[in-house]
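Participant: sequence and predicted structure below; questions after.
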Amino acid sequence: MSITQKGEELHFDENLFIVSKTDLKGRITYANDLFIEISGFKEHELIGNPHNILRHPDMPKAIFKLLWDRVQAGKEVFAYVKNRTKNNYYYWVHAYVTPIIDTKTKQLIGYHSVRRSPSEKGLEIITPLYKKMIAAEERGGVQASTTLLENTLSQLKVSYDAFILSHE
């Protein structure tokens, strides 16, 4: 695999993809080799555990709320996510999360996430925004963080999706 380390941050080759699947509760049901390697967990430590095993404290809860609200409603979502490894290193991803629909029953049965290495341009925009969102959460909870995000997007006159996709 092509994983490099700079201090506590891990990077992976831009041509590789981290892939995972979860059930409706967010428990991991599939992890590809890159996901296993970069996370620092063994496959058996990931499968069956909640995906938030990787949640980094620098991630605003409001981003995960947005993500879950979207996929539970059967919609796709893109997001920049900072993950924490088993050994407390971290890595950033540009995530694309989609619902998995059973073709026979048309029922939502899980979620599929494909993550790639994020652009430096995107991280230059996202990192300070996430810091402001976390500060807002500390003062006023998830709703304060969500409001900050909504106000930022409104000032920029752009939707969340357009904002994320314009900083790839």
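Facilitator: Yep, that arrived.

Participant: quick one: buried residues of stretch 45-63?
Facilitator: When neighbours are counted by 16 or more other CB atoms under 10 Å, the buried residues of stretch 45-63 are found to be 46, 51, 53, 54, 59, 60, 62, 63. C-beta here means a position set from N, CA and C on the backbone, and glycine is covered the same way.

Participant: so which of the residues you listed is the closest to residue 141?
Facilitator: Here the nearest of the buried residues of stretch 45-63 to residue 141, counting by CB to CB, is residue 62; it sits at 9.2 Å.

Participant: what's the helix or strand for the closest one?
Facilitator: Following DSSP states H and E, the helix or strand that holds residue 62 is helix 61-72.

Participant: residues in contact with the nearest residue to residue 14 once chain neighbours are set aside?
Facilitator: On the basis of CB to CB, 6 or more residues apart in numbering, the spatially nearest residue to residue 14 that is not a chain neighbour turns out to be residue 117, at 4.6 Å. Contacts were defined as CB atoms under 8 Å, 6 or more residues apart in numbering; by that measure residue 117 touches 11, 12, 13, 14, 16, 92, 93, 94.

Participant: where does the residue lying closest to the fifth one once chain neighbours are set aside land on pLDDT?
Facilitator: The reference is to residue 16. Closest residue to residue 16 in three dimensions, ignoring its sequence neighbours and counting by CB to CB, 6+ apart: residue 34, at 5.5 Å. You'll see residue 34 listed with a pLDDT of 97.

Participant: how many other residues sit next to residue 34?
Facilitator: Applying the criterion other CB atoms under 10 Å, we find 19 residues in the vicinity of residue 34.
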